[in-house]
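>>> I would like the atomic coordinates for the input below:
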Amino acid sequence: MNVRVLEVAQRELDDAASYYNAQVPGLGDAFLLEAVAAIERIRKFPDAWHPLGER
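Sure thing, here's the model as predicted:
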């Protein structure tokens, strides 16, 4: 499965990571790693979760 991250979503991820890094150094980096890992799980196992809507 191909996963596409929209530009607006990428900006939100980057903004969130910057915010978290400002709160605790390294926290934003950990956040991004978890987001990438979640996206990778979705890519590998697209049917592992209940669909949000009709396909």
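
>>> Report how many residues lie close to the nearest residue to residue 18 once chain neighbours are set aside.
Counting by C-beta to C-beta, 6 or more residues apart in numbering, residue 28 is the residue found nearest to residue 18 once chain neighbours are left out, at 6.1 Å. Using the backbone N, CA and C atoms, a C-beta is placed for each residue, glycine as well. Neighbour count of residue 28, defined by other C-beta atoms under 10 Å: 20.

>>> low-confidence ranges in the chain?
Under the criterion pLDDT under 70, the flagged ranges of the chain are 55.

>>> one more time with 90
In the predicted model of the chain, residues 1-3, 46-47, 49-55 satisfy pLDDT under 90.

>>> Quick one: residues contacting the residue nearest the centre of the chain.
Geometric centre of the chain, nearest residue: residue 35, 3.1 Å, by C-alpha atoms, centre = their mean. Contact analysis of residue 35 by C-beta atoms under 8 Å, 6 or more residues apart in numbering lists residue 13.

>>> For stretch 45-52, which outside residues touch it?
Contacts for stretch 45-52 (C-beta under 8 Å, 6+ apart): 1, 41, 42.

>>> Count the neighbours of the last one for me.
Using other C-beta under 10 Å as the criterion, residue 42 is surrounded by 13 other residues.

>>> Distance from stretch 16-29 to the middle of the chain?
15 Å (C-alpha atoms, centre = their mean, to the nearest Å).

>>> quick one: buried residues of that stretch?
For stretch 16-29, a neighbour-count test (16 or more other C-beta atoms under 10 Å) marks 17, 20, 21, 28 as buried.

>>> burial of residue 13, as a residue count?
Neighbours of residue 13 using other C-beta under 10 Å come to 17.
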